[in-house]
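Asker: the sequence and its predicted three-dimensional model are supplied below.
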Amino acid sequence: MAGATVSPAWSQAESREFSQAAGDVINKTMQFAEEEKFEAAVEELRALIERTDLQTFERATIYQMIGQYSYELGR
């Protein structure tokens with residue numbers, strides 16, 4: 001495969017870490033989940049997903065968490 005190039009699915013310049021603001025909300029929602037307050041966790045995450053400054057990694061993780069907590073609520 002000489003000459004073949006691989007292009008990453010995500011920009012290497014984009015971090016796979018949460019920003020401080022998003023991380024604070026994620027930690028809060030994880031605490032809600034530990035207390036089985038899944039509705040509160042989903043509400044916080046839905047508010048967070050509306051932000052326009054989220055990285056692709058953050059957005060994907062948030063959607064995954066919304067799905068997990070919605071499942072716990074029987075949705």
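Answerer: Alright, I've got the coordinates.
Asker: how far away is residue 57 from residue 72?
Answerer: Separation of residue 57 from residue 72 (CB to CB, to the nearest Å): 23 Å. (C-beta placed from N, C-alpha, C; glycine too.)
Asker: which residues in this protein form helices?
Answerer: 20-34, 38-49, 56-72 (DSSP state H).
Asker: excluding chain neighbours, what is closest to residue 39?
Answerer: Of all residues not flanking residue 39 in the chain, residue 73 sits nearest, at 6.4 Å (CB to CB, 6 or more residues apart in numbering).
Asker: show me the contacts for the one you found.
Answerer: Neighbour list for residue 73: 38, 39, 42 [criterion: CB atoms under 8 Å, 6 or more residues apart in numbering].
Asker: again, but for residue 17
Answerer: 23, 57.
Asker: dihedrals phi and psi, it?
Answerer: When read as degrees, to the nearest 10, the backbone of residue 17 gives phi -130, psi 150.
Asker: and it, what pLDDT?
Answerer: In this prediction, residue 17 carries a pLDDT score of 84.
Asker: then residue 3?
Answerer: 50.
Asker: any idea how far residue 49 lies from residue 73?
Answerer: For residue 49, the distance to residue 73 - CB to CB - is 17 Å.
Asker: right, I mislabeled it, should have said residue 28
Answerer: Distance from residue 28 to residue 73, by CB to CB: 18 Å.
Asker: just residue 43 next, same as before
Answerer: 11 Å.
Asker: how about residue 65?
Answerer: Distance from residue 65 to residue 73, by CB to CB: 13 Å.
Asker: again, but for residue 46
Answerer: 13 Å.
Asker: same question, residue 54
Answerer: Taking CB to CB, one finds residue 54 at 23 Å from residue 73.
Asker: just residue 35 next, same as before
Answerer: Taken as CB to CB, the span from residue 35 to residue 73 is 14 Å.
Asker: same question, residue 62
Answerer: Distance from residue 62 to residue 73, by CB to CB: 16 Å.
Asker: with residue 47 instead?
Answerer: 17 Å.
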